[in-house]
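Generate coordinates for the sequence data below:
(one chain, ligands or ions: 3)
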Amino acid sequence: MHPALNIAVKAARQAGTVITRAFGRLEDVKVATKGNNDFVSEVDQRAEAAIIQVIRQAYPDHAILAEEGGASDGNDYCWIIDPLDGTTNFLHGFPQFAVSIALRHQSEIEQAVIYDPISQELFTASRGGGAFCNQRRLRVSSAKGLNGTLLGTGFPFRDFAYLDEYLACFRALLLKTSGIRRPGSAALDLAYVAAGRLDGFWEIGLKPWDMAAGALLIQEAGGMVSDFSGGNAYLERGQVVAGTPRVFQEILQEIKPLLPEALLNPKQAANPL
Ligand code: IPD
Ligand code: CA
Ligand code: CA
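Ligands and ions are numbered 1, 2, ... in the order given. Just a heads-up that it's a prediction; the model follows:
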């Protein structure tokens with residue numbers, strides 16, 4: 001295992017311990033509101049502190065972009081961290097959430113870890129080295145088109161500016177597939193695409209830490225990832241389409257005609273939500 005991936009795994013497992021301990025006594029967890037339907041708990045913060053401590057000890061010169069603590073400067077390497085992806089699920093005792101850690105070098109994601117502390121599934125990928133779940137090599141599903149597929153998505157819940165457009169895409173895809181799921185942790189949803197459990201995924205209004213690790217997992221498992229215009233700016237633009245090569249193409253084909261210019265034109269303001 002690449003040494004940086006090893007550090008990411010160690011950090012993710014420590015965060016996982018913080019999260020599972022607190023999951024057993026949710027009534028004691030202190031919660032604050034960051035914005036509309038956007039919560040942060042002391043568990044998010046403690047899990048993030050545990051991750052950053054492990055990373056800083058190993059790589060004091062690296063930059064960090066973490067959901068709760070924000071950005072701190074460093075060299076060309078940047079750790080992109082979501083200490084608890086799926087906070088709303090966590091706070092409701094709904095056991096679908098994960099730790100997501102990625103290492104970016106310049107513009108490329110090089111290492112990725114997504115850890116589900118409940119199922120203890122550890123998803124890992126290194127650029128060029130494949131994607132794995134607990135040592136088992138991952139491949140995206142063999143789906144050759146939307147017919148018969150199971151897709152994942154995230155419903156808008158913080159900002160409803162593009163709700164009608166989102167629902168139009170939802171309708172179009174619902175009519176072409178076997179079903180759509182909204183599990184509630186974008187990072188884990190992307191890991192499930194890499195694992196072939198979902199054939200494709202799309203969402204708007206995401207942040208880099210929701211997607212960075214999952215995108216590398218999917219690419220290393222033979223899948224495709226892009227923004228809504230088919231370009232590479234998904235981390236900057238907060239929108240993602242992913243899937244097996246054919247499912248990915250067909251999702252894009254279905255949703256592009258339903259989306260406004262503001263969501264398709266890469267020159268428009270980044271991450272409108
Ligand atoms: C959220 C989850 C959710 C997605 C949201 C994210 P958080 O992350 O990934 O699935 O729909 O957009 O913000 O806030 O629980 O870390
Ligand atoms: Ca998140
Ligand atoms: Ca989070």
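
who's the residue in the stretch 51-200 of the chain that ligand 2 sits nearest to bridged to?
Residue nearest to ligand 2 within the stretch 51-200 of the chain (CB to the ion): D85, separated by 3.9 Å. The C-beta positions use only the backbone N, C-alpha and C, and glycine is treated the same way. D85 forms beta bridges with A98, as assigned by DSSP bridges.

how near is it to D116?
Going from D85 to D116 by CB to CB, to the nearest Å gives 10 Å.

thinking again about what came up before, okay, now the residue of the stretch 51-200 of the chain closest to ligand 2: neighbour count?
Residues near D85, counting by other CB atoms under 10 Å, number 29.

tell me the SS of Q57?
helix (DSSP: H, G, I helix; E, B strand; the rest coil).

Output the host helix or strand of R21 as PDB, restricted to C-alpha atoms.
Using DSSP states H and E, R21 maps to helix 3-23. Output of helix 3-23 as PDB, limited to C-alpha atoms (Å, rounded to 0.1, in the frame of the first residue of the first chain):
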ATOM      1  CA  PRO A   3       2.500   5.200   2.400                       C
ATOM      2  CA  ALA A   4       0.100   8.100   2.000                       C
ATOM      3  CA  LEU A   5      -2.800   5.700   1.600                       C
ATOM      4  CA  ASN A   6      -1.700   3.900   4.700                       C
ATOM      5  CA  ILE A   7      -1.800   7.200   6.600                       C
ATOM      6  CA  ALA A   8      -5.300   8.000   5.200                       C
ATOM      7  CA  VAL A   9      -6.500   4.500   6.300                       C
ATOM      8  CA  LYS A  10      -5.100   5.100   9.800                       C
ATOM      9  CA  ALA A  11      -6.800   8.500  10.000                       C
ATOM     10  CA  ALA A  12     -10.100   7.200   8.700                       C
ATOM     11  CA  ARG A  13     -10.100   4.300  11.200                       C
ATOM     12  CA  GLN A  14      -9.400   6.700  14.100                       C
ATOM     13  CA  ALA A  15     -12.300   8.900  13.000                       C
ATOM     14  CA  GLY A  16     -14.400   5.800  12.700                       C
ATOM     15  CA  THR A  17     -13.800   5.000  16.300                       C
ATOM     16  CA  VAL A  18     -14.900   8.500  17.400                       C
ATOM     17  CA  ILE A  19     -18.000   8.200  15.300                       C
ATOM     18  CA  THR A  20     -19.100   4.600  16.400                       C
ATOM     19  CA  ARG A  21     -18.600   5.400  20.100                       C
ATOM     20  CA  ALA A  22     -20.900   8.400  19.800                       C
ATOM     21  CA  PHE A  23     -23.400   6.500  17.700                       C
END
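
Which positions in that helix come out as buried?
4-5, 7-16, 18-19, 22-23 (16 or more other CB atoms under 10 Å).

do stretch 72-80 as well
Y77, C78, W79, I80.

wait, isn't the third one in contact with A102?
Yes. Applying CB atoms under 8 Å as the test, W79 and A102 come out as touching, 7.3 Å apart.

Overlap of the contact sets of those two?
In terms of CB atoms under 8 Å, 6 or more residues apart in numbering, W79 and A102 are both contacted by the residues A8.

Check the offset of stretch 85-101 from the chain's centre.
12 Å (CA atoms, centre = their mean, to the nearest Å).

Pull out the buried residues from that stretch.
Quick answer for stretch 85-101 (16+ other CB under 10 Å): D85, G86, T87, N89, F90, L91, Q96, F97, A98, V99, S100, I101.

Do me a favour and average the pLDDT over that stretch.
In this model, stretch 85-101 has a mean pLDDT of 97.
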